[in-house]
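Undergrad: With the sequence up front, the predicted model follows.
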2 protein chains.
Amino acid sequence: MKRYEDLSPSLRCIMTPGPVEVDPRVLRAMSFPVLGQFDPEFTDIMNETMGMLRELFATNNKWAFPVDGTSRSGIEAVMVSLIAPGDRVLIPIYGRFGHLLHEIAERCGAEVYTIEKAWGSVFAPEEVISAIQSFKPDVVAIVHGETSTGRVQPLAEIGRACREQGALLIVDAVATIGGVPVETDAWMLDAVIGGTQKCLSIPSGMAPVTYNERAEAKLLKRKQVERGLRTGEFEAGELPPVRSNYFDLSMLQDYWSPQRLNHHTEMTSMLYALREGLRLVLEEGIQARHARHALHEEALTAGLTAMGLELYGDPQSKLTVVTCVQIPEGIDGESVRSMLLNRFGIEIASSFGPLKGQIWRIGTMGFSCRENNVLRVLGALEATLLRHGHPLPAGLGVQAALDVYEANVR
Amino acid sequence: MKRYEDLSPSLRCIMTPGPVEVDPRVLRAMSFPVLGQFDPEFTDIMNETMGMLRELFATNNKWAFPVDGTSRSGIEAVMVSLIAPGDRVLIPIYGRFGHLLHEIAERCGAEVYTIEKAWGSVFAPEEVISAIQSFKPDVVAIVHGETSTGRVQPLAEIGRACREQGALLIVDAVATIGGVPVETDAWMLDAVIGGTQKCLSIPSGMAPVTYNERAEAKLLKRKQVERGLRTGEFEAGELPPVRSNYFDLSMLQDYWSPQRLNHHTEMTSMLYALREGLRLVLEEGIQARHARHALHEEALTAGLTAMGLELYGDPQSKLTVVTCVQIPEGIDGESVRSMLLNRFGIEIASSFGPLKGQIWRIGTMGFSCRENNVLRVLGALEATLLRHGHPLPAGLGVQAALDVYEANVR
């Protein structure tokens, strides 16, 4: 039989748009012994985590809990639960993950309308609002922070327009939650999905979601108690049932309610990680955390610019937590990435579709978003580009970043 | 702001049908720093894990990988991918989790036929075979080990019949994998789903699945490349596309193939846990592991019987890893469970539906399945029943279990 070695992953400096490095406190939380899913100690942890998620999402919503899967499981759970087959769904697309929302809505059986914006920019609110007024969708689904292009879409006016037009607004905040303001209640977002492995710096594996009473009202019209748990006469809902059992939020909320109606078996160790990661966010303070992300972005972009590199995309809509860099003419972007990983232990990302081979993406997210990492990636990128024969003024990148840090001493 | 305390879960003796205790080696593996999902070190770990899963499932199938979610995510992924809307699906039901398969098949848009067996027993193979011959299903889905009743369904003859009749056979082996023989190839099972938090003793969070070429052939007829990743002309498949993006096995297999086509972000820390848990299984030896589960069941049931308690269900079909015990007349089962948890730190389970309040379920699974745990639960249950005024011959339970262990010294 083949022998399998001890696990011993290398220590990496991960400067991608996720997954990023994880705080040792979160890693340690996962190593605690497990509790049973209905053990009162465990259900207390579930309840506490819901409270922390409400703070994270800036909401008074009753429902805020993780879906047990990676980020896109949260997106699919919200969409399949809130989009009934035949619903009219508007999807404004300005990057790869807008196409994912289109894909999922289509598989939900929706009648999908899309509007598209050139990659590298975002929508003016009135463009989306006018589409809402003419298409009259039941649901609008949009990405808040698009990691494929490093852009952030303003949402407050879109939220108000959806409310006025009676559409539900679903927001993919996977990339932004914990790094950039996400104001669920103030912006009138009906359902929001966050990611763990980006600005929250928790390993991939859970997808925190929140939704309000407008969203819940729709869910309850589709509600079914699971076969095998039903008692008494079964009544069908007003709308067709949700096409998924695993992702049916009306069942998940019963599991997360004091009723604790059996559904899946909650992921114990991932919940420990989520709770510890959220504790770190709340200890730092949500606003202080956003400011930290902005500071390190400033240092990184100053350094890249000083090296003579060009940033990609419209600066007005730049997402602080992902910086897209044009790969210089004549440089093999993948060769640079490999050298960074193999010689320096640093990971940066490429991109998708039309941007593949055109840009690198450097993340400054969560625990990875810190001074020594920013200085390290700038120094290593300079050395790697010089080694690839790209002429650049040696030394300036790191110095420019240090200037930013020294000017921002608190 | 509310202050949240340090996490410090109590140490529990978990003798339920899952989640069960986790080997410290697996807990430690989760505390290793994360790697990026496309880091060659990480993709090596993915490939190694696939090899280990093939050994676990006793298969030469090309495809064996985890679905990123709890056990029922694996069930739903296999069902929604292999059941096209309108397909004829036969579900033999002999407990709560058969009803779950019915529920999921229905949500997949299948035309579902069920046959039911009284809880506490299983089907004679010919009963299922005759239903296959008369219904002519496209797909048969069945539970291998039913934790709600503690029964195990023989599958070899059903597998052969499905092959002869051209039906795909999907098997829920969530409760049995790693504790009871599951012979994917020898029994001609087309797709099998395992669970992590039961006999594998890994925290809940992943669902290993395997499927063969017959299953893959059906998948490929439904295949779509994701919007946002498509290049060139899009061709629709022969059968309707899978209704889920997250659970589309034709996409998951591209992600797990050398192609590494972007889909979800693999759960790093859970994969570390899965790999370490599988290493423990392979180090112990799969057959030795099954024998260990059988030994501790023998000791447990000898002890329970010596205490004068009655076991539930048909002994011919008893599942070694779950022992169902009749709650004695006049005893409040939930009060006994609470006292075991609060005084002794031991968790045992109740059951579902018609068995709620009728039986306790005691698991002997994975890392929880060991001599000191069996002796501990017997001693504590005796003391608790005495405290509840139930007359029983003090001391006999633990002695009977010790007799079994002494007779089995190797």
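TA: Arrived safely, thanks for sending.
Undergrad: Please identify the helix or strand for A:Glu334.
TA: Assessed by DSSP states H and E, A:Glu334 sits inside helix A:333-344.
Undergrad: Remind me what that helix packs against, helices and strands.
TA: strand A:346-347, strand A:359-363, helix A:371-387 (3 or more Cβ pairs under 8 Å, 6 or more residues apart in numbering or on different chains; DSSP states H and E). Any C-beta I mention is one placed from the backbone N, CA and C, and that applies to glycine too.
Undergrad: hmm, who's touching it?
TA: A:12-13, A:327, A:346-350, A:357-360, A:376-377, A:380-381, A:383-385, A:387-388, B:39 (Cβ atoms under 8 Å, 6 or more residues apart in numbering or on different chains).
Undergrad: Pull out the buried residues from stretch A:18-26.
TA: By neighbour count with 16 or more other Cβ atoms under 10 Å in any protein chain shown, stretch A:18-26 contains the buried residues A:Gly18, A:Pro19, A:Val20, A:Glu21, A:Val22, A:Asp23, A:Arg25, A:Val26.
Undergrad: of those, list those near chain B.
TA: Residues of the buried residues of stretch A:18-26 in contact with chain B (Cβ under 8 Å from any Cβ of the partner chain): A:Gly18, A:Pro19, A:Glu21, A:Val22.
Undergrad: Per-residue pLDDT of the residue most central in space within chain A, please?
TA: In chain A, the residue lying closest to the centroid (Cα atoms, centre = their mean) is A:Val174, at 1.4 Å. The predicted structure scores A:Val174 at 98 on the pLDDT scale.
Undergrad: How about the contacts made by the closest residue to it other than its chain neighbours?
TA: The shortest distance from A:Val174 to any residue other than its chain neighbours is 3.4 Å, reached at A:Gly195 (Cβ to Cβ, 6 or more residues apart in numbering or on different chains). Going by Cβ under 8 Å, 6+ apart, A:Gly195 touches A:Gly18, A:Ser71, A:Gly74, A:Ala173, A:Val174, A:Ala175, A:Ile177, A:Ala207.
Undergrad: So the last one sits against A:Glu76, correct?
TA: No: under the criterion of Cβ atoms under 8 Å, A:Ala207 makes no contact with A:Glu76, lying 9.0 Å away.
Undergrad: And the strands in chain A?
TA: Secondary structure of chain A, counting by DSSP state E: strands at A:13-14, A:63-67, A:88-93, A:111-116, A:139-143, A:145-146, A:151-152, A:168-173, A:191-194, A:207-211, A:322-326, A:346-347, A:359-363.
Undergrad: Quick one: closest of these to chain B.
TA: Closest to chain B of the strands of chain A, according to Cβ to the nearest Cβ: strand A:346-347, at 4.7 Å.
Undergrad: Distance from the chain centre to the closest one, please.
TA: The chain centre lies 20 Å from the centre of strand A:346-347; the measure is Cα atoms, centre = their mean, to the nearest Å.
Undergrad: try stretch A:393-408
TA: 30 Å.
Undergrad: I'd like the distance between the residue nearest to A:Val174 and A:Arg289.
TA: 15 Å (Cβ to Cβ, to the nearest Å).
Undergrad: and what of A:Asp172?
TA: Here A:Asp172 is placed at a distance of 20 Å from A:Arg289 (Cβ to Cβ).
Undergrad: Give me the buried subset of the contacts of helix A:333-344.
TA: Buried by 16+ other Cβ under 10 Å: A:12-13, A:327, A:346-350, A:358-360, A:376-377, A:380-381, A:384-385, B:39, out of these.
Undergrad: Report the contact partners of the residue nearest to the centre of chain A.
TA: Taking Cβ under 8 Å, 6+ apart as the contact definition, A:Val174 lies against A:Ser71, A:Arg72, A:Gly74, A:Ile75, A:Phe97, A:Gly145, A:Ile193, A:Gly194, A:Gly195, A:Lys198, A:Ala207.
Undergrad: just A:Ser350 next, same as before
TA: A:Ser350 neighbours (Cβ under 8 Å, 6+ apart): A:Gly333, A:Glu334, A:Arg337, A:Lys356, A:Gly357, A:Ile359, A:Trp360, A:Arg361.
Undergrad: Closest to B:Phe247 out of these?
TA: Using Cβ to Cβ, A:Lys356 is the member of the contacts of A:Ser350 that lies nearest B:Phe247, at 26.5 Å.
Undergrad: Enumerate the residues of the stretch 101-250 of chain A near chain B.
TA: Proximity of the stretch 101-250 of chain A to chain B (Cβ under 8 Å from any Cβ) is limited to residues A:102-104, A:106-109, A:197, A:203-205, A:226-229, A:241-247.
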